[in-house]
Each structure stands twice: as structure tokens, then as C-alpha cells.
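Trainee: From the sequence below, what's the structure:
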Amino acid sequence: MRILFYTLLLPTLLFAQAKEPTKTPQQIEQELEAADKEFQQALEIFNPWYTGPLITPGAGMMPVGHGNSQPYLFVTDNYATYNSERKSVSLPSKLIQLKGVSNIQTGITNNFDLNLNFQGLINWQSDESGGGYGDMNLVGGFLVLKQTPWIPQIKLTVSQSFPTGKYKNLSLNGLGLNSTGSGAFSTQLGLIISKVVLWNTKHPMNMRLFMGYTRSTSTEVRNFNTYGGGRGTRGTVYPGDNFSADFGYEYSFTQQWVFAIDLVYSTSNHTPFFGNPGTKNDGTPATVGSPSSDNLSLSPAIEYNFSPNVGLITGVWFSVYGRNSLDFISGVISITISFP
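Mentor: Alright, predicted model coming up:
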């Protein structure tokens, strides 16, 4: 009886499968185009407006003939340092920093844009202060893949910093408060991956991932400098390579209100020094350079977007753990303006 049942069932199954024709490449391409069209229509129905997150860069391209500027203001309390055993050790006197950063970004072609960054800062510690203009940075962005319903947008960046800040012959108090630059030309190769995810409800989210590797040239230092030193210091510093990885997440409550958060990680190789280290103000030998280090931090924030071209974001940025790096908390506010 069972053999008879399967004998009768087999032709039925074969007939059912035969009714499903194999899709041609042209049909598959048409289905993909239709899905992409639905994705673009969904973006138009509820086009999310984003300003942030605070730290992680995005993979979006600036259109030709358009521009963007996004100034930032950081107020940072560096209250401790992580030692080589990852223990937070309080500083004898807190180091407070006010830092302003801004940029001008514009599209050169549909697949290439440029972003010029500049900064200035002022430091306070032990009733002393110092600051000035910082290093400048120029970033070229190359579009690798354009976002589709299933594929994220991918952007390759090449960043070059220029040593326009002060880094040697600093104030003789030894605090280094007027150190505003590295003294080195630094080149970074970066990869950015971002994706807007649309839900069935009006609460899309945006995710970003950035990975960057930086190499720097050597730099000649004199006396008190960014890397340490003292009276009579004279030699060459070789800044260690740096790797950074940032993950940014944004969740739209409404088109205007957005929650954002960054997970930020950075690690650097040791920075050796060759030359005469000089002496500190108390006559003891000075130290120049630094050991390898790393730091993990978080940056939650809230955005309010006035329009697709203007948005405001504010939040905090604080360290979670680290090694041979600062333990800090920073208040951050930024506004983005796109034009025309």
C-alpha cells in the first residue's frame, strides 16, 4: 500500500516542480531593480535626517556643487590616567581643555569629495593656561559601493595631517599646556561602511563602522615638547603607528529627534626617542616619548534636526578603560549645516 502511495505521489511532485520555471538573469535583474526602487521610495516616504553620531564618520558622499560645515565644541576634564596595568590613577591637578573643531567639505565628482579640518584649543592646569591653533587635516573620500536595500555604502578615505600646531620649545613650566600639535606629517588610510535600515514603522536606524590605520613621519624636538622633554632636550621622535575602530549607531524617534551612540577604540605603538633627553626643572633627567597605549570610550548623544540641511547634536564622551592613556569625560555640542 505504501509503495502504491509513493508511486502515485511522485508524478504529482514532479508536475508541481515543473510548473516553477527557472528565472532568467534578466528577470532576476528586474526584480533587483524593483526592490531598489521600493527602497528609494521608502526613503522618500520617511527620509531620516541625521546629524551625528558625534565621533564615527559616515560614508555619505557630498554632491558636486554642494558643501557642508560641522563645527564641534569639546569641553574635556582629563581627571586621571590609565597606567600600564589599566588602573585609573588620579592626576595631581586636573587638566581641563576647551577645543573647537570645524571643517569644510565639498564634492569634486560623484565619486570623490574633499574635507578640510582645522582646530584650536586651550588648556588649564595648576592655575596655568596655554593653547593655540592645532594641526590641520585634509581628507579625500572615494566611493567604493553605493547603498542598496541589501548592500551598505562603502567609502575609502585617505587623510593627511599637517603639523601647523605648536609642538616644541613649549613653556618652561613643564606642563605642556601650549602643545597643540604633533610636529609630524601623518597619513591615514580609512574604510567607512554605513547602512540605513528601514523598519515597517517610522523608526529607521543608521549604522556606521570606521577603521583607520595611521603612520607618521619622524620629528625633531627641542626642549619641552609635545612628547615630554625638558631643558636642553634635543633629538628625534618617531611617533608610533595608530589603529582606530569606531562604531556609530543612530535610532530615529521621529524625523527630527534621534538617539546616537559611538563605541570608540584606539591603540598606538610605542613612540621612541633618540637624542639628549635633557633635564626637568628639578634637575632630574627628562623623559621623551611614550609606551604603547590603547583606550576604549563611549559617546551617547541626542540629535535634533531642523531640516535635511541643518541639525544639532549634543552629548558626552567618556573613557571606559585604557592603558597608558587619559581617563576623561567630555561634553560635546555640534551643529551641521549643508549648502546650498
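Trainee: Low-confidence regions, this protein specifically.
Mentor: In the predicted model, the chain carries pLDDT under 70 at residues 1-21, 35-46, 199-201.
Trainee: just the helices in the stretch 101-250 of the chain please.
Mentor: With helices called from DSSP state H, counting those that start in this stretch, the stretch 101-250 of the chain shows none.
Trainee: need the strands for it, in chain order.
Mentor: Per DSSP state E, counting those that start in this stretch, the stretch 101-250 of the chain carries strands over the ranges 112-125, 128-133, 136-145, 153-162, 186-197, 205-216, 219-222, 234-237, 242-252.
Trainee: Please export the C-alpha coordinates of the first one as CSV.
Mentor: Same thing as strand 112-125. Only the C-alpha atoms of strand 112-125 are listed here, as CSV (Å, rounded to 0.1, in the frame of the first residue of the first chain):
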residue,chain,number,x,y,z
PHE,A,112,35.2,61.8,-4.9
ASP,A,113,34.9,64.5,-2.2
LEU,A,114,37.3,66.6,-0.1
ASN,A,115,37.1,67.5,3.6
LEU,A,116,39.4,70.1,5.2
ASN,A,117,39.5,70.1,9.1
PHE,A,118,41.0,72.7,11.4
GLN,A,119,41.1,73.2,15.1
GLY,A,120,42.1,75.3,18.1
LEU,A,121,42.3,74.6,21.8
ILE,A,122,43.2,76.0,25.2
ASN,A,123,44.2,74.1,28.3
TRP,A,124,44.1,74.8,32.1
GLN,A,125,46.0,73.1,34.8
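Trainee: Next, the angle from it to strand 136-145.
Mentor: Orientation of strand 112-125 against strand 136-145 (axes from the mean of the first three to the mean of the last three Cα atoms, to 10 degrees) gives an angle of 140 degrees.
Trainee: circling back: got the strands of the stretch 101-250 of the chain as JSON lines, with mean neighbour count and distance to residue 282 columns?
Mentor: No exception for glycine: its C-beta is placed from N, CA and C like everyone else's. As requested, the strands of the stretch 101-250 of the chain are exported to JSON lines (neighbours: other Cβ atoms under 10 Å; distance: least, Cβ to Cβ, whole Å):
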{"stretch": "strand 112-125", "mean neighbour count": "18", "distance to residue 282": "18"}
{"stretch": "strand 128-133", "mean neighbour count": "16", "distance to residue 282": "17"}
{"stretch": "strand 136-145", "mean neighbour count": "16", "distance to residue 282": "36"}
{"stretch": "strand 153-162", "mean neighbour count": "18", "distance to residue 282": "34"}
{"stretch": "strand 186-197", "mean neighbour count": "18", "distance to residue 282": "33"}
{"stretch": "strand 205-216", "mean neighbour count": "19", "distance to residue 282": "31"}
{"stretch": "strand 219-222", "mean neighbour count": "19", "distance to residue 282": "20"}
{"stretch": "strand 234-237", "mean neighbour count": "18", "distance to residue 282": "20"}
{"stretch": "strand 242-252", "mean neighbour count": "20", "distance to residue 282": "32"}
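Trainee: Relative to residue 28, which of those strands is closest?
Mentor: strand 136-145 (19.2 Å; Cβ to Cβ).
Trainee: For that closest one, which strands pair with it and how are they oriented?
Mentor: Its sheet considered, strand 136-145 pairs with strand 112-125 (antiparallel), strand 153-162 (antiparallel) by DSSP bridges.
Trainee: Quick check: which of the ones you listed is nearest to residue 56?
Mentor: Ranking those by their distance to residue 56 (criterion: Cβ to Cβ) puts strand 153-162 first, at 12.3 Å.
Trainee: Now do that closest one and strand 186-197, the angle between them.
Mentor: Going by the same axes, to 10 degrees, strand 153-162 makes 150 degrees with strand 186-197.
Trainee: which residues are in contact with strand 153-162?
Mentor: Under the contact criterion Cβ atoms under 8 Å, 6 or more residues apart in numbering, strand 153-162 has outside partners 57, 59-61, 135-147, 182, 184-195, 212, 214.
Trainee: circling back: between the strands of the stretch 101-250 of the chain, which one is closest to residue 330.
Mentor: Among the strands of the stretch 101-250 of the chain, if distance is taken as Cβ to Cβ, the winner is strand 112-125, at 12.1 Å.
Trainee: what distance separates the closest one from the middle of the whole chain?
Mentor: Centroid separation for strand 112-125 versus its chain: 13 Å, with Cα atoms, centre = their mean, to the nearest Å.
Trainee: related to what we said a few turns ago, export the strands of the stretch 101-250 of the chain to a markdown table and tack on distance to residue 307?
Mentor: Below are the strands of the stretch 101-250 of the chain laid out as a markdown table (distance: least, Cβ to Cβ, whole Å):
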| stretch | distance to residue 307 |
| --- | --- |
| strand 112-125 | 21 |
| strand 128-133 | 32 |
| strand 136-145 | 24 |
| strand 153-162 | 22 |
| strand 186-197 | 18 |
| strand 205-216 | 17 |
| strand 219-222 | 44 |
| strand 234-237 | 46 |
| strand 242-252 | 15 |
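Trainee: if I look at residue 289, how far off is residue 230?
Mentor: In this structure, residue 289 and residue 230 are 13 Å apart, going by Cβ to Cβ, to the nearest Å.
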